[in-house]
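Q: Any chance you can model this:
(one chain, ligands or ions: 2)
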Amino acid sequence: MKKVVSVVNLKGGVGKTTTAVNLAACWGEIGKKVLLIDMDPQGSASISVGIMNEGGELLDALQRTAALPVVSTQVPGLDLVPSGMTMATAGLWFSNGEGNSILYQCLEQTQGDWDLVIIDCPPSLGFHTMNSLMASQHVLIPVETSFLGLNGLKQMVTAIETFKLRNPDIKIEAIIPCRAQRRRRIHWDIMDTLKEMFPGKVSPIIRENVSLAEAPGLGKPVILSDRISKGADDYRLVTLWLEDIISGVQQDPVINQVRQLLSSI
Ligand SMILES: Nc1ncnc2c1ncn2[C@@H]1O[C@H](COP(=O)(O)OP(=O)(O)OP(=O)(O)O)[C@@H](O)[C@H]1O
Ligand SMILES: [Mg+2]
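A: Ligands and ions are numbered 1, 2, ... in the order given. Predicted coordinates:
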């Protein structure tokens, strides 16, 4: 069975796509083979790795329950299932609930030796996100360190807990604080709350960084567009922090301590 990670949050603009694309690229950088599935009809993940697509091939694969349309990218180690506006109609083709495991079935038929599959989800709990969650064992939740960000996170956690009835394998592995601004007092308040709510699961922060904002316009992950930026450093660190969790390797107590230390920075 493929190792599948969904990057989800019902709240928009919190850094889901930035996280999915840049973690995928960082895993590629350390020698992993990664398949990035763009399940958002906005097609932002595809654009962020330099690929414009209408999403017709992905919709067609879902309709036929066939292998997913995989394309290679300029990013080392990274393949992509691209999406675009045509995918906005996907939910209309399948009646309530019955179509929630279609992506899973398509993925089972898709041949490739990827170490990891990462799915970028849209900011809603419709067909696209339901299918992504059904296909996944791991969930990463990017969250903005703001009051409304925290509220959105609570809704997301409740939704996933309910979803466990349908996919008992699913697990929230990490909360990733994104667009963090450490000079703001609210940042520290929210970080404290997150650590209380999710002990050991709050990753090192991703700082607000201009290179991360500019990278999608260049069609490249930040490790290629500005490889020694704060954005590149932060995503590399989170990738290492997640490595054992996602690989399922037994965690060394020393590594656990280092992880705790990194989370507190
Ligand atoms: N750490 C960061 N520093 C600066 N800009 C960021 C950072 N993270 C994300 N952004 C920018 O914020 C905007 C929203 O980010 P992103 O597209 O990743 O959010 P999203 O959760 O995927 O949004 P949506 O819900 O629309 O899919 C983008 O313009 C992105 O470039
Ligand atoms: Mg997005």
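
Q: going forward, measure contacts between C-alpha atoms and count neighbours the same way
A: OK.

Q: So what would you say the end-to-end distance of stretch 25-34 is?
A: Stretch 25-34 has its terminal residues 8 Å apart, counting by C-alpha to C-alpha, to the nearest Å.

Q: Averaged pLDDT, the one helix or strand G231 maps to. What do you get?
A: In this structure, G231 sits in helix 230-247 according to DSSP states H and E. Taken as a whole, helix 230-247 has a mean pLDDT of 92.

Q: Give me the buried positions along it.
A: 230-239, 241-242, 246 (16 or more other C-alpha atoms under 10 Å).

Q: Of these, just say which sits nearest to ligand 1.
A: G231 (6.6 Å; C-alpha to the nearest ligand atom).

Q: need the contact list for that closest one.
A: Contacts for G231 (C-alpha atoms under 8 Å, 6 or more residues apart in numbering) come out as I206, R207, E208, N209, S211, L212, V222.

Q: Separate out the buried members of these.
A: I206, R207, N209, S211, L212, V222.

Q: Out of these, which is nearest to R184?
A: Among these, R207 lies closest to R184 (C-alpha to C-alpha), at 12.0 Å.

Q: hang on, isn't the closest one packed against C178?
A: Yes: with contacts counted by C-alpha atoms under 8 Å, R207 reaches C178, the gap being 6.4 Å.

Q: Spell out the secondary structure type for the residue lying closest to L125 once chain neighbours are set aside.
A: Computed as C-alpha to C-alpha, 6 or more residues apart in numbering, the closest residue to L125 that is not its neighbour in sequence is L10, at 6.7 Å. Per DSSP: H, G, I helix; E, B strand; the rest coil, the secondary structure class of L10 is coil.

Q: L10 and ligand 1, how far apart?
A: Distance, L10 to ligand 1, using C-alpha to the nearest ligand atom, to the nearest Å: 7 Å.

Q: End to end on stretch 133-141, go ahead and measure it.
A: This stretch, stretch 133-141, spans 12 Å end to end (C-alpha to C-alpha).

Q: could you check whether that stretch is close to ligand 1?
A: No: using C-alpha under 6 Å from any ligand atom, stretch 133-141 stays clear of ligand 1, coming no nearer than 9.7 Å.

Q: Count the neighbours of the residue nearest to G43 when sequence neighbours are not counted for me.
A: Of all residues not flanking G43 in the chain, G84 sits nearest, at 4.5 Å (C-alpha to C-alpha, 6+ apart). Neighbour count of G84, defined by other C-alpha atoms under 10 Å: 24.

Q: List the contacts of G84.
A: D40, P41, Q42, G43, M52, N53, E54, G55, G56.

Q: With neighbour count and secondary structure added, can I get those in a markdown table?
A: Formatted as a markdown table, those follow (neighbours: other C-alpha atoms under 10 Å; DSSP: H, G, I helix; E, B strand; the rest coil):
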| residue | neighbour count | secondary structure |
| --- | --- | --- |
| D40 | 25 | coil |
| P41 | 22 | coil |
| Q42 | 18 | coil |
| G43 | 24 | coil |
| M52 | 16 | coil |
| N53 | 18 | coil |
| E54 | 16 | coil |
| G55 | 25 | coil |
| G56 | 17 | helix |
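
Q: tell me the phi and psi of L80?
A: phi -140, psi 140 (degrees, to the nearest 10).

Q: any idea of the pLDDT on K2?
A: 89.

Q: The helix or strand hosting I141 pairs with which strands, parallel or anti?
A: Per DSSP H and E, I141 falls inside strand 138-144. Strand 138-144 has the following strand partners under DSSP bridges: strand 4-7 (parallel), strand 171-178 (parallel).

Q: ok, then the element right after the last one?
A: With elements assigned by DSSP H and E, the helix or strand that comes after strand 171-178 is helix 185-197.

Q: buried residues in that next one?
A: Neighbour counts over helix 185-197 (16+ other C-alpha under 10 Å) mark H187, W188, I190, M191, L194, K195 as buried.

Q: Return the residues in contact with the third one.
A: In this case it means I190. T145, S146, F147, L150.

Q: List buried residues within the residues you listed.
A: Among the contacts of I190, those classed as buried by 16+ other C-alpha under 10 Å are T145, S146, L150.
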